[in-house]
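Chemist: Fold the following, please.
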Amino acid sequence: MSSSKANVWVVLPAAGSGSRMQSETPKQFLTINQKLVIEYSLELFLLQADIAGIVVVGDSTNNFLSVLLNKYQKVICVPGGNERIDSVLSGCQYISDNCNADWILVHDAARPCLHQADLCRLLKQRENFKAGALLAGPVVDTLKKRHENESLSTVSRDNLFRAFTPQLVRSELLIRALSSCRDEAFIPTDEAQAIERIGYHLNIIEGRQDNIKITYPDDLVLAELILQSHQSQNKNKLSEN
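Modeler: Numbers count the residues shown, from 1 in each chain. Next comes the predicted model:
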C-alpha cells in the first residue's frame with residue numbers, strides 16, 4: 001500500500017455506540033450485503049497508493065474489530081475516547097508518534113458510500129490546499145427554523161453546504177486544532193470546525209450527494225441501494241474498457 005508519495009494516513013473513529021440506530025450493535029459494525037459497514041471504507045482506502053496506513057480508533061477487544069484486524073493486516077487499532085474529538089485525537093497522536101505523515105484524512109466509519117472518484121479528487125489536489133479540504137454538498141432543500149411545532153421562518157440556503165467526510169488536513173495543524181478544542185472543553189462537530197477555531201479554513205470540494213452517513217435504521221436500506229449502484233457503474237466501466 002505504501003509508495004514514495006504515500007504521505008497520507010487515515011483515521012477512522014469507530015468507538016461510537018450509534019444510539020439513534022435502535023440497535024445493540026454499533027452502526028459501523030452492522031452489515032450491508034454481508035459486509036460490515038466499516039469495511040467498505042477500509043477496502044476503498046487500502047486501494048489508494050497515496051495512503052500509507054489506516055488507524056481505526058476503537059476497542060481492539062471488540063469482536064468485530066478483532067476480525068477486521070486479522071483480515072486487514074495493514075490496519076492498526078488504537079483506543080478511543082468518550083467523544084469523537086477524543087478518538088480522532090488519539091488516532092492522530094499515534095500517527096504523529098509513529099509515522100511520517102504530512103496529511104491526515106479523517107472519515108466516519110459509518111459512511112460507507114464514499115465514491116472512489118471523490119476520494120481521488122481530494123487526494124490529487126492536496127498540495128494546493130493551505131490547510132486542507134473536505135467533501136461537501138450544496139444544500140438543496142428549503143430550510144425551516146422551528147419554534148415548538150411551528151415553522152418559525154425560512155432560512156436562506158445561499159452558500160450553505162452539508163459537510164461530509166473525508167476531511168483532509170495537514171497533520172500538525174489538525175493535532176494543534178484538536179488539542180486546542182480539548183484544552184478549552186469545546187466539542188467540535190467535525191475537523192473543519194476545529195480548524196476554524198484556530199484561524200484556518202478548509203477548502204470545500206463538492207462531492208456526491210450519495211455519500212451518506214448511517215444514522216437511522218432507514219439509512220441501511222438507502223446505503224445498500226447506493227452501493228449496488230456504485231458496483232453496477234464500476235462493472236459498466238470495466239466492460240467499456
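
Chemist: So which elements touch the lowest-mean-pLDDT helix or strand in the chain?
Modeler: When the helices and strands of the chain are compared on mean pLDDT, DSSP states H and E, helix 217-240 comes out lowest with a mean of 82. Applying 3 or more CB pairs under 8 Å, 6 or more residues apart in numbering; DSSP states H and E, one finds that helix 217-240 contacts strand 31-32. Just so you know, the C-beta spots here come from the backbone N, C-alpha and C atoms, and that holds for glycine as well.

Chemist: Quick check: buried residues in the top strand by length along the chain?
Modeler: Longest strand of the chain, by residue count under DSSP state E: strand 161-170. Within strand 161-170, the residues scored as buried using 16 or more other CB atoms under 10 Å are 163-170.

Chemist: downstream neighbour of that strand in the secondary structure list?
Modeler: Per DSSP states H and E, the first helix or strand lying C-terminal to strand 161-170 is helix 171-183.

Chemist: For the helix or strand that that following helix is followed by, list the C-alpha coordinates in CSV.
Modeler: Where DSSP H and E defines the elements, the next helix or strand beyond helix 171-183 is helix 191-197. Once non-C-alpha atoms are left out, helix 191-197 reads as follows in CSV (Å, rounded to 0.1, in the frame of the first residue of the first chain):
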residue,chain,number,x,y,z
GLU,A,191,-12.5,18.6,12.0
ALA,A,192,-13.3,21.7,9.9
GLN,A,193,-14.8,23.4,12.9
ALA,A,194,-11.8,22.6,15.0
ILE,A,195,-9.6,24.1,12.3
GLU,A,196,-11.8,27.2,12.1
ARG,A,197,-11.3,27.9,15.8
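
Chemist: so where's the protein shaky on pLDDT?
Modeler: Applying pLDDT under 70 to the chain flags residues 1-6, 17-22, 234-241.

Chemist: Quick check: bridge partners of the residue located most distally from the centre of it?
Modeler: When distances to the mean C-alpha position of the chain are computed (CA atoms, centre = their mean), the maximum falls on E150, with 33.9 Å. Taking DSSP bridges as the rule, E150 bridges to H147.

Chemist: which secondary structure elements does the longest strand of the chain contact?
Modeler: Counting by 3+ CB pairs under 8 Å, 6+ apart, strand 161-170 packs on strand 103-106, helix 116-124, strand 132-138, helix 191-197.

Chemist: partners of the next helix or strand along the chain from the last one, with directions?
Modeler: Towards the C-terminus, the helix or strand next in line after helix 191-197, according to DSSP H and E, is strand 203-206. Sheet pairing here is set by DSSP bridges, and for strand 203-206 it gives strand 132-138 (parallel).

Chemist: What lies in contact with the partner strand?
Modeler: With CB atoms under 8 Å, 6 or more residues apart in numbering as the contact definition, strand 132-138 has outside contacts at 103, 114, 118, 122, 125-126, 157, 160-170, 173-174, 190-192, 195, 202-209, 211.
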